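A.B. asks: Following is a predicted model, sequence given first.
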Amino acid sequence: MSLESHLQSLKEKYSSKLILLEKTEKNRLKLQVTQENLLEVMQCLKYEMGFSSLESIAGLDWETYFEVVYHIDRWDGDPTLLQVHVRLDDRENPMVPSLTSIWASANWHERELWDLYGISVKDHPNLKRLLLPDEWDEFKHKHISELYPMRKEYKLPEKPYSFKPHPK
Amino acid sequence: MSEQMFIHLGPQHPVNHGLWTLKIKSEGERVVDSEIMIGYIFRMIEKIAESRPYDTFQPIADRLCYVSAMAWEASYILTIEKLLGIEVSRRAQYMRVILLEFQRIASHLTWLSAYAGDLGVLTMLVIPYREREYILDILEHVTGSRMMYNFFRLGGLRSDFPQGFIEDAKALTFYLDERIREYKAMLDDSKVFRLRSKDVGILGKEDALDLGATGPVLRASGVQADLRKIEPYLVYDEIDFKIPFQKAGDCYARFQIRMEEIMQSTHIIRQALAGMPSEGEIMIKAPRQLPKGDVYFRTEDPRGEAGFYIVGNENRNPYRVKIKSPAYSNLSIGSHLLRGAKIADIPPIIASLDLCMGEIDR
Amino acid sequence: MGYGIYDGLADFLLKLASLILSPLVVFFVNIIGFFQDLIPILHFVNPEDFLSYEIEFQDSLKSTLIDSLEMTTILLFLIVNTIMLIWFERKLVARMMNRRGPTFIDFNYGHLFGRTWKFGLLQNIAEFLKFFSKEDIVPEKADKFTFNVGYFVFIVVPPFVLGAILPLGGDTIIADPEVGFLLIFALFSLVPVGVLITGWSSNNKYSLIGGFRAAAQMISYEIPLIFSVGSIVIVTHSFSLVEIAQKQSLGSTPFGLPYMFLIPIGFIVFMVSLAAETERIPFDIPEAEAELVMGWRTELTGFRYMMAMATEYFILLIGAFVGVSLFWGGSNLPLISPEIIMNIPLLPNIIFVIKLWLFIFLFIWVRAALPRVRIDQLLDIGWKRLIPLAILNIIFVIFLFINYPGLFGVING
Amino acid sequence: MASLDELNQLGELEIYEPMPNVVLANARNFVGVILNWMRNWAQRCSIYPVYIGMKCCAIEMAATMASRYDTERIGVLARASPRHCDVLWINGPVTIKFASRLRDVYDQMPHPKWVFATGECAISGGPFWQSPTIVEGVDQVIPVDVFVPGCPPRPEAMWAGIFRLQEKIKADGIFVPEPLLPEPREFYDRDPPFHDYRIKLKKESKKEEK
């Protein structure tokens, strides 16, 4: 299944649902989908078109809205990489459907997404913090962005915190 | 039904070569279920990357995976060059290929010492470090430091190769070939080593693709997935080499693949040394800002497919740097592989995934 | 401030004393033998001894003094040999890893003896003392009694008691009971009990699994061990190590060949099961570095760990003693008649010690080269391969003994 | 800017001065000094570090114990269980998540114990000092005896650190009237930086014990 055939089958199957579909490079495709029909497109990609493994899930915080970027690729046949963008508009509780049922490798990526960006994932097997310590929620945080440190409002300290003169 | 027992192989444990916890629910000797907890050296490198100018992030990219520092540096710089659309001279590309392949051999040797050490072969716990010292000498001869090089620059490298490097490198490749034959004789032919690694931690082809395995772990399950052939970057398309792959998918197949990859790397280095053009400028001036737009570039790291997804926003600091780490996806297979294995099989399975906690916890 | 059971100076000296105590037990047992000669009442078994009461008195005093001198030399040799064994193994394994073992000793008054002590000989004496001065941690939830006492009684004392019946060359042996190496294997079978007790009572999951594995391994490997040695008993009709060693000299076996060449299968089965008995790699499962941290020794601190390590090497030494006297012909060399060796005062002992260290070299060499076997493969080798091989060996030896008695020095057939 | 003082409700942390390593600390009688000297010599000649591999300095530690820079020559042999070891060789950054577990490993070790911190991450959080999860400097979690700077320090620097540790062990518990180091303090053991409030450790502090 070469790249062009992927393009054609995606066009006539989901022309209505896809917001953006373009060929960026020799074997790269870019796709934009709304949050509702993401699951359906992904199932078609995996089962009909043979995109067998999910590479990574990247969260993006554009101050006014969130964006989640999925990288999916296939190895046998003619290997291509697919970049799927999903835009989440409400900032209070951004929600993304979980892809763990389609690709098992999405399990940890989605937990990390929830851990660092606060983007909750619908019906994920065990949505817990992955990288930050478990007692991170009990710390008294001044601003919501400290709970999910990868958001843009949370700024890293400029000066090393502990190098105050030692009280001799 | 014998009673079940919970065992914590805590953060500080010889089996996991780094700091992560493996919670096992075991029935007698057999592991029923396991849970992997990571994050013990989580330093939020992606946030640090966003708050630094893009060219000063490179030393931190070195420290992502400390065993193959050069590989991570290369993937960061190549991604930035692709975003900025910089052309690199052919001589610099050949030099980069040579350094990357040396780093791949050093990384595989560290893996071999960890894997054989876990199986109990005391000598093979130490001898691969002897060969790695020779490689570190060569890299120190070129870059000036043993492990953290910071040697890549936009458009090429910081400085040219010193005199006598080409002869030393060629001599080292022949020396390494003999050593690998010696390791094969020491490990392949010993019945107990095959007894301990054959049919241990078997990973089928569909499971490998579904669970997101990369690199030698994926190639051990029968998928010919090597980025140097599929998406040739630098000058890999001008160098001919084979991708070793096996169908068995067990620890022994991963061992054979990594040993074969070392042999291929020495072959690549010799060809690159021969084919390297003698002149070409090494470095160009780094542009002021990153343009608007995003790029996802992946390279063949010794552990698998390492990638950087960088989003620029007309600012000196990148807007978002997502690090796709191969060991991260390899470790997530762990609980699948350990289901049904014996307790004594945990070390070979974990060690055959070649974990490097720096890049897993980021 | 909790600092283990003992405190300070008393702690340091008490541990030193309790180490020397157990070999002295054997020494005093023999002194009682001396008093036995004095008081004839104890000889109520055979009354005619009363007659030779006066003559016996002077001889028994003289012989006891000579015996006690001999006893102390042998015991001293055993203890010093165990310590040197640790040094020998670390240097050898390091050499096989292409690096030097322990060499440099920072010795305060080194300038008197040359700054560095050349071959790191003082290294294990330093370790011996360091482990002594460590804090003595008994885990809170551990079962205090079994952790303290059970461990010593079953693991540390039996090998030291064995010191008395180990032949050191020609006929230098403290006590040569007819039961010979049966007593050694009987006390060997005490060790898994100690391992289980320590592993279970130190309230730590790793040591629990290690203890179970060690017990399973040792019990399942005693059977092939005794079978393989049994084939020798069939041939030599005696259990005592000294007699078996003498039977392998020029007179009895063709060209004075030791039993290793006559009963090869028995030798192989003996070596493999001895490696498993003394928990050496490739059968080092209980102390598997990788998954079980240190096996049943995980919770032992300072002094206890030192005793565990010293006992492990002492058991290996005793295994080597048995192996050399049974299969390598004690102090007899193939083509040299035993009388020549016996006449020269110290030669049999020197030959025996050289063979001893060659035997141990084999184990260390295997330890450096082979990986560890899994526990189920280990038991599989033990039951499915070694025991049938051992039985086959006995049948082969019986066939050999009936058809070619000349091979084993039995002339009259 | 999220100043970290508000994150302070993690409980007060003091810097633990190291407990006296030797029972006969500063012994002046004849037997005490001889025993101290013997123990120090024995301790100096066989230092067993705990097998704990955190990050890049762990690979450098392994290279130091490998064939070329063989530290077993002076008796340094890594052991798996903290019960048998006397030096805790910190070779990587300490995060909040790992701090309490590192404290447990330190507490499990039998008493005459030392801490050997190598690498910038262990000394002061290193190149990742900005991130909120890093504990800046290991000496806010456990008392440190020798710091070895470098990222990662070369095996020769590791050797220098070990010699420095041996000097420290040599003088442990021996009553020395004049200061040990007449010349100005080396970089190796500078004062620990101001401590960091974000570590939640056991509540009973040193003062109640006295």
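C.D. replies: Perfect, I can see it now. Numbering: from 1, shown residues only, chains lettered A, B, ... in the order given.
A.B. asks: can you pull the buried residues of the helix or strand in which A:M42 is found?
C.D. replies: Using DSSP states H and E, A:M42 sits within helix A:38-43. Buried positions in helix A:38-43, judged by neighbour count with 16 or more other Cβ atoms under 10 Å in any protein chain shown: A:38-39, A:41-42. For every residue, glycine as well, the C-beta is placed using N, CA and C.
A.B. asks: Looking at those residues, which is nearest B:P326?
C.D. replies: Nearest to B:P326 among these: A:M42, at 22.6 Å, using Cβ to Cβ.
A.B. asks: my read: the closest one touches A:T100, true?
C.D. replies: No - between A:M42 and A:T100 there is no contact under Cβ atoms under 8 Å: 11.2 Å.
A.B. asks: Point out the other helices and strands that the helix holding A:M42 packs with.
C.D. replies: Applying 3 or more Cβ pairs under 8 Å, 6 or more residues apart in numbering or on different chains; DSSP states H and E, we find helix A:38-43 packed against strand A:81-88, strand A:95-97.
A.B. asks: Comparing these, which comes out most buried?
C.D. replies: The highest mean neighbour count among those, using mean count of other Cβ atoms under 10 Å in any protein chain shown, belongs to strand A:81-88: a mean of 20.
A.B. asks: Relative to the whole chain's centre, how far out is it?
C.D. replies: 8 Å (Cα atoms, centre = their mean, to the nearest Å).
A.B. asks: residues in contact with it?
C.D. replies: Strand A:81-88 has contacts (Cβ atoms under 8 Å, 6 or more residues apart in numbering or on different chains) with A:20, A:24, A:27-35, A:38, A:41-42, A:45, A:51, A:55, A:65-73, A:94-96, A:119, B:296, B:298.
A.B. asks: Any part of stretch D:40-48 near chain B?
C.D. replies: No - under the criterion of Cβ under 8 Å from any Cβ of the partner chain, chain B is not reached by stretch D:40-48; the shortest gap measures 13.9 Å.
A.B. asks: One more: stretch D:57-69?
C.D. replies: Yes - against chain B, stretch D:57-69 shows contacts by Cβ under 8 Å from any Cβ at D:58-60, D:62-63, D:65-68.
A.B. asks: Of those residues, which is the nearest to B:I268?
C.D. replies: D:I59 (24.1 Å).
A.B. asks: What's the local residue count around the closest one?
C.D. replies: 21 (other Cβ atoms under 10 Å in any protein chain shown).
A.B. asks: Could you tell me whether it really is in a strand?
C.D. replies: No - under DSSP: H, G, I helix; E, B strand; the rest coil, D:I59 sits outside any strand and is assigned helix.
A.B. asks: would you list every one of the helices in chain D?
C.D. replies: When secondary structure is read from DSSP state H, chain D shows helices at D:30-45, D:56-65, D:96-108, D:120-124, D:155-170, D:206-209.
A.B. asks: Quick check: which ranges of the chain have low pLDDT?
C.D. replies: Defaulting to chain A. A:1, A:159-168 (pLDDT under 70).
A.B. asks: The chain in question should be chain D.
C.D. replies: D:1-27, D:175-210.
A.B. asks: So what pairs up with the residue nearest the centre of chain D in the strands?
C.D. replies: Among the residues of chain D, D:V115 comes closest to the average C-alpha position under Cα atoms, centre = their mean, at 1.8 Å. Here D:V115 shows beta-bridge partners D:L88, assigned using DSSP bridges.
A.B. asks: hang on, it packs against D:N91?
C.D. replies: No - under the criterion of Cβ under 8 Å, D:V115 is not in contact with D:N91, lying 11.5 Å apart.
A.B. asks: can the helix or strand encompassing A:S145 be found next to chain D?
C.D. replies: Per DSSP H and E: A:S145 is located in helix A:144-147. Yes - using Cβ under 8 Å from any Cβ, helix A:144-147 reaches chain D at A:145-146.
A.B. asks: residue in chain C nearest to chain A?
C.D. replies: Residue nearest to chain A within chain C: C:K205 (22.3 Å; Cβ to the nearest Cβ).
A.B. asks: out of everything not next to it in sequence, what's closest to that residue?
C.D. replies: B:I7 (5.2 Å; Cβ to Cβ, 6 or more residues apart in numbering or on different chains).
A.B. asks: With B:R303 instead?
C.D. replies: B:P326 (4.2 Å).
A.B. asks: repeat for C:R297
C.D. replies: Closest to C:R297 by Cβ to Cβ, 6+ apart is C:A308, at 5.1 Å.
A.B. asks: Report the next helix or strand after the helix or strand hosting the one you found in sequence order.
C.D. replies: According to DSSP H and E, C:A308 maps onto helix C:302-327. Later in the chain than helix C:302-327, the nearest helix or strand by DSSP H and E is helix C:338-343.
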